[in-house]
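**Q** Coordinates only, no sequence provided:
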């Protein structure tokens, strides 16, 4: 019997593996399609955080933070020179204790307000209150970032490198995010702890000024942050969702103080 004669031959159009073990190189069209898919994937990974970002309380674009704030002093102007002179004087006059406080305050934790509120105000004791401020932190990012990107103002240590303290920042200077957030935190905490309002507001102001002591911001950055922080809190107070969560935080605080 001729076994070989009975073996099925290759299907029409099929390559004989025995005759050619070298794979065909991909065509130019295949390479372009592959590169296009890779580029699309990279772009999706870059924009996904923005697409997935969620506002809990604020309506996007309200307030219009760019329209709200006046322009910062123009580069090279007499106004900027005066701004810079104030930073130089503040940095020169700061004490070691003030510098240490400013570096510590840079983390912007709400528990920096503990000296005004009391020792019971510490992480883990007020979960609903912490959740409220975490949502507020999320919502404040876009309006602050919009102004920073619009004006792209240099920071004092970028104008005069002798003013540098600590690692460089990765965004622009106007307005101060620390001043904006510190103001907003203080105004909301004053709602929760009205009897400690004055001390709370003082700490909120210091959170901004500490950035001048470190050469991170001009005074005008700080003042703009206070204006923006107040405007953002007004928008927050108009949100039913914020009012609901604020009421729950107030109840939690009241129970903790019994």
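**A** Structure's in. What do you need? Quantities reported herein were computed from a predicted structural model and do not represent experimental measurements. Residues are numbered from 1 along each chain as shown.

**Q** moving C-terminal of the helix or strand hosting residue 142, what's the next helix or strand?
**A** For residue 142, the enclosing helix or strand under DSSP states H and E is helix 127-151. Next along the chain after helix 127-151, taking DSSP H and E as the criterion, comes helix 156-159.

**Q** Which secondary structure elements does that next one sit against?
**A** helix 78-93 (3 or more CB pairs under 8 Å, 6 or more residues apart in numbering; DSSP states H and E). In this view, the C-beta of every residue, glycine as well, is placed from N, C-alpha and C.

**Q** For the helix it packs on, which helices and strands make contact with it?
**A** helix 156-159, helix 197-213, helix 219-237.

**Q** hmm, who's touching the second one?
**A** Among residues not part of helix 197-213, those counted as contacts by CB atoms under 8 Å, 6 or more residues apart in numbering are 86-87, 90-91, 94, 98-99, 101-102, 105-106, 108, 112-113, 115-117, 156, 176, 178-179, 181-183, 185-187, 189-190, 193, 217-219, 221-222, 225-226.

**Q** Can you tell me which of these are buried?
**A** The neighbour-count criterion (16 or more other CB atoms under 10 Å) marks 87, 90-91, 94, 98-99, 101-102, 105-106, 112-113, 116-117, 156, 176, 178-179, 181-183, 185-187, 189-190, 193, 217-219, 221-222, 225-226 among the contacts of helix 197-213 as buried.

**Q** Tell me which of the helices and strands packed on helix 78-93 sits nearest to residue 78.
**A** helix 219-237 (13.1 Å; CB to CB).

**Q** Please point out which parts of the closest one sit buried.
**A** 219-229, 231-233, 235-236.

**Q** just the residues you listed now: which is nearest residue 54?
**A** Comparing the buried residues of helix 219-237 against residue 54 with CB to CB places residue 236 closest, at 15.4 Å.

**Q** Make sure that closest one is actually in contact with residue 57.
**A** Yes. Counting by CB atoms under 8 Å, residue 236 does reach residue 57; the two are 5.3 Å apart.

**Q** what's the overlap in contacts for these two?
**A** 136, 139, 242.

**Q** Turn the residues you listed into JSON lines, including pLDDT and neighbour count.
**A** JSON lines is the format used below for the shared contacts of residue 236 and residue 57 (pLDDT from 0 to 100; neighbours: other CB atoms under 10 Å):
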{"residue": "136", "pLDDT": "98", "neighbour count": "23"}
{"residue": "139", "pLDDT": "98", "neighbour count": "22"}
{"residue": "242", "pLDDT": "98", "neighbour count": "21"}
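
**Q** picking that back up, the helix holding residue 142 versus helix 219-237: what angle between them?
**A** 130 degrees (axes from the mean of the first three to the mean of the last three CA atoms, to 10 degrees).

**Q** how far does helix 127-151 sit from the chain's center?
**A** Taking the mean of its C-alpha atoms, helix 127-151 sits 7 Å from the chain's own mean (CA atoms, centre = their mean, to the nearest Å).
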